[in-house]
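Participant: how would this look folded up:
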Amino acid sequence: MSSRSTDSPHLLTLRAAAELLELTEHAVESLTTSGYLPIVLVEGPAGNAEPHIALSDVKAFMARNADNGSGNLLFEEDDSADAADLLEALDGRCGQMAERALEIFADVFPEAVRTEKERGKFLQQATARFEAILAVASQGAEVDDALVGDLEEVGAAAAWAGSPLPQLLVVLRISRDLIVQTAVELADEHGRHWSLPLALVLTRVLPAMDRLTDSIAQGWWATVVAREAEQKARYEHVVEHSSDGVYEVDLDGCIQYANRSVATILGRPVEQLVDRRLPEVITPMDGSSVEPLMSEPPGGARRLEMTVLRPDGVRRLLEVRTTVRTRDGRPVGYQGVVRDVTAARDLEADKNEFLALMTYDLRQPLTTILGLGATLEAHGDDVSPDRVRRMGEAIRRQAERMSRLADDLYDISRLDAQSLLLSPRSVELAAVVDAALSTVEDAVGVTVSVPPGLTVVADPRRLEQVIANLVENALTYGAPPVEVRAKELAIDGGVEVAVIDHGTGVPPALVPSLFNRLRLLAQRDRDRTRTGLGLSLVKGLVEAMGGRVWYEQAAAGGADFRISLPSARR
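Facilitator: All right, here's what the predicted structure looks like:
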């Protein structure tokens, strides 16, 4: 409330303001009491203070509250007054309105305009915003309708940029109020002849601003909803198609959600998992409890490993990671990620066993060589020439055994890298078999039935290696006598070679993985256990030479390994 000592043509008495607003004096007094219309005290003829209201305040009140923002400002005016003049005057005040908008915005959101760079950017954007609003208002409703799509895109771009909607709405509200306030001030400065243009301008500006606000808000919210839907769809796709099992349980351990992978890992349909308690579907073989999976983990996450037995009898080693699921800061359940690590752990165990067996295979010939070498060193003068010759032969055989093992490892690595070089040509099979048997220790009980003149297309050195490995495998894991047979096939013109022993054969459970590199045979008999590299190498070499290898149960119950190779005649 202010006080003036002189009359002013821009001040209205309460009665004049009531007539202009088409209200009673009592209503106008209520508006002044509530703060909607500020009071200006003016000294009367008797020296007492009389309440008055500024004409500009009445006009601004009418503009803010009348339908379509037009107010009731239709005074008798000069026909020469034009709304374009007022719009032009407002356009000249865009810089000033931008500065005032910055002051108001900085009071509401001080963290948004801390630096000079941010303040300069705000002023630049605010000035452009005022100019755009006035340009739209000057063209009328048609242009405003055409800009609705563009305005929604503005809101969408702001949403993608992470701009908060409250800040956008506050900026627009500040812009709206400043344009109205500045327009009223300009009309008040120029007198009553600008009242009609002011009404026309506000009739355009205020609806345009409301349309602008609605369009930007709709674009912003549409983008936010679409982005959340896209994120949800992406999350659901990742979870549903994840190779790891994912589940959610409530605080009581009842499963609320399970993806297909966790159902596959646990060997149960998804329908048998949902609404069941976790201890009913995950049962560790060692009898341990799964209660830790249904309690808040320390530090927010927990990792457990457990071995479970599925309903189909398959053993699985599982790695389970759990995290707490919260809502409004309070735990509402737990999420778990289940990974089947059975293959990885079994492979690690096989690798360790393989290294142990490699050491074992190398230790035997090394022990023999060291023992014979020490005997020759200590008692060389007392050993007869015939015994020296036998010791030398034993040393040679053990060294060849070590060399063959090293060659097998090297060849397998080259087969994996597809860098093994072969020299296939026509070779006589009988000569290759004789050369192979000469490298096998204790091959006395091996009988050979190969027709003379039978030829195959193969690398002679690699074929010799294949035959030697099959015969040695038969002597190690089967029982004598061992037979090597060969015949020419009438169907495709190839040659088939069979290595048959008279042992107990291969257990049916081992047949599917018989030619795997780490398959360990006769594990119960430690003295007879070998690395199993021979069969893996046989398979790789035979296939590299264009043939194939397979296993059959012999008629007498032993093992029957067969290979087929292209015939030289074909």
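
Participant: longest helix in the protein, by residue count?
Facilitator: helix 195-240 (DSSP state H).

Participant: what is that one packed up against?
Facilitator: Where contact means 3 or more C-beta pairs under 8 Å, 6 or more residues apart in numbering; DSSP states H and E, helix 195-240 is packed against helix 55-65, helix 83-92, helix 116-139, helix 141-146, helix 148-160, helix 165-190. In short, each C-beta sits where N, CA and C put it, glycine included.

Participant: right, and the helix or strand after that helix?
Facilitator: strand 245-250 (DSSP states H and E).

Participant: tell me which residues are up against whichever helix or strand comes after that next one.
Facilitator: Using DSSP H and E, the helix or strand that directly follows strand 245-250 along the chain is strand 255-258. By C-beta atoms under 8 Å, 6 or more residues apart in numbering, the residues outside strand 255-258 that reach it are 245-250, 270, 273-278, 281, 333.

Participant: any idea how far V314 is from I179?
Facilitator: 75 Å (C-beta to C-beta, to the nearest Å).

Participant: of the two, who's got more company?
Facilitator: Neighbour totals were compared for V314 and I179, and I179 leads with 24 against 10 (other C-beta atoms under 10 Å).

Participant: does the more buried one touch D91 like I think?
Facilitator: No - in this structure, I179 is not within contact of D91 by C-beta atoms under 8 Å, at 10.7 Å.

Participant: just to revisit the earlier point, so which of the helices and strands packed on helix 195-240 gets nearest V549?
Facilitator: Evaluated over the helices and strands packed on helix 195-240, closeness to V549 peaks at helix 148-160, with 61.2 Å, by C-beta to C-beta.

Participant: for that closest one, what is the average pLDDT?
Facilitator: Confidence for helix 148-160, expressed as mean pLDDT, is 59.

Participant: one step back: of all the helices and strands packed on helix 195-240, which lies closest to G503?
Facilitator: helix 148-160 (73.0 Å).

Participant: so G534, which of the three states?
Facilitator: helix (DSSP: H, G, I helix; E, B strand; the rest coil).

Participant: what do you get for D286?
Facilitator: coil.

Participant: who are the contact partners of it?
Facilitator: D286 neighbours (C-beta under 8 Å, 6+ apart): M306, T307.

Participant: next one: it from P292, what distance?
Facilitator: 14 Å.

Participant: how is this protein carved up into domains?
Facilitator: Taking automatic domain parsing as the reference, the chain has its domains at 66-226, 245-340, 348-414, 421-565.

Participant: residues in contact with stretch 294-307: which ones?
Facilitator: 249, 251-253, 278, 282, 284-286, 288, 290, 292-293, 315-324, 331, 334, 341.

Participant: try it again with 7 Å
Facilitator: Residues outside stretch 294-307 that contact it (C-beta atoms under 7 Å, 6 or more residues apart in numbering): 249, 253, 278, 284-286, 288, 292-293, 315, 317-324, 331, 334.

Participant: how about stretch 316-330?
Facilitator: Stretch 316-330 has contacts (C-beta under 7 Å, 6+ apart) with 248, 265, 293, 296-297, 300-308, 310, 331-342, 345.

Participant: quick one: mean pLDDT over it.
Facilitator: On average, stretch 316-330 scores 87.

Participant: what residues sit buried inside it?
Facilitator: Across stretch 316-330, burial judged by 16 or more other C-beta atoms under 10 Å covers R316, L317, L318, E319, V320, R321, T322, V324.

Participant: A helix includes the fifth one, no?
Facilitator: What it means is V320. No - judged by three-state DSSP, V320 forms no part of a helix; its state is strand.

Participant: partners of it in the sheet?
Facilitator: L304, V338 (DSSP bridges).

Participant: model confidence score at the most centrally placed residue in the chain, please.
Facilitator: Closest to where the C-alpha atoms of the chain average out (C-alpha atoms, centre = their mean) is V238, at 6.7 Å. Per-residue pLDDT puts V238 at 79.

Participant: repeat that for E464.
Facilitator: 89.

Participant: my guess is it meets D434, correct?
Facilitator: No - with contact defined as C-beta atoms under 7 Å, E464 does not reach D434; the gap is 9.4 Å.

Participant: who's more crowded, these two?
Facilitator: Ranked by neighbour count (other C-beta under 10 Å), E464 and D434 place E464 first, with 21 against 14.

Participant: can you classify the more buried one by secondary structure?
Facilitator: Applying three-state DSSP: E464 is helix.

Participant: which non-adjacent residue is nearest it?
Facilitator: Once flanking residues are discounted, E464 sits nearest to A436: 4.5 Å by C-beta to C-beta, 6 or more residues apart in numbering.

Participant: quick one, what contacts the one you found?
Facilitator: A436 neighbours (C-beta under 7 Å, 6+ apart): E464, I467, A468, V471.

Participant: let me see the mean pLDDT of the host helix or strand of it.
Facilitator: Taking DSSP H and E as the criterion, the element that holds A436 is helix 429-437. The pLDDT scores in helix 429-437 average 90.

Participant: in that helix, what counts as buried?
Facilitator: L429, A430, V432, V433, A436, L437.

Participant: and which of those residues is nearest E111?
Facilitator: Relative to E111, and with distances defined as C-beta to C-beta, the nearest of the buried residues of helix 429-437 is A436, at 84.3 Å.

Participant: among the contacts of strand 255-258, who's most crowded?
Facilitator: Most surrounded of the contacts of strand 255-258: other C-beta under 10 Å gives Y247, at 26 neighbours.

Participant: which residues pair with that residue across the strands?
Facilitator: Beta-bridge partners, per DSSP bridges, of Y247: A258, G336.

Participant: pLDDT (mean, whole number) over stretch 102-115?
Facilitator: In the prediction, stretch 102-115 has an average pLDDT of 82.

Participant: residues contacting it, please?
Facilitator: So stretch 102-115 is in contact with R119, F122, L123, A126, Q167, V170, V171, I174, going by C-beta under 7 Å, 6+ apart.

Participant: just put these in CSV and tack on distance to R397, pLDDT and neighbour count.
Facilitator: Below are these laid out as CSV (distance: C-beta to C-beta, whole Å; pLDDT from 0 to 100; neighbours: other C-beta atoms under 10 Å):
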residue, distance to R397, pLDDT, neighbour count
R119, 92, 86, 16
F122, 91, 83, 19
L123, 95, 87, 16
A126, 95, 81, 23
Q167, 88, 73, 14
V170, 93, 77, 17
V171, 93, 77, 23
I174, 98, 82, 20
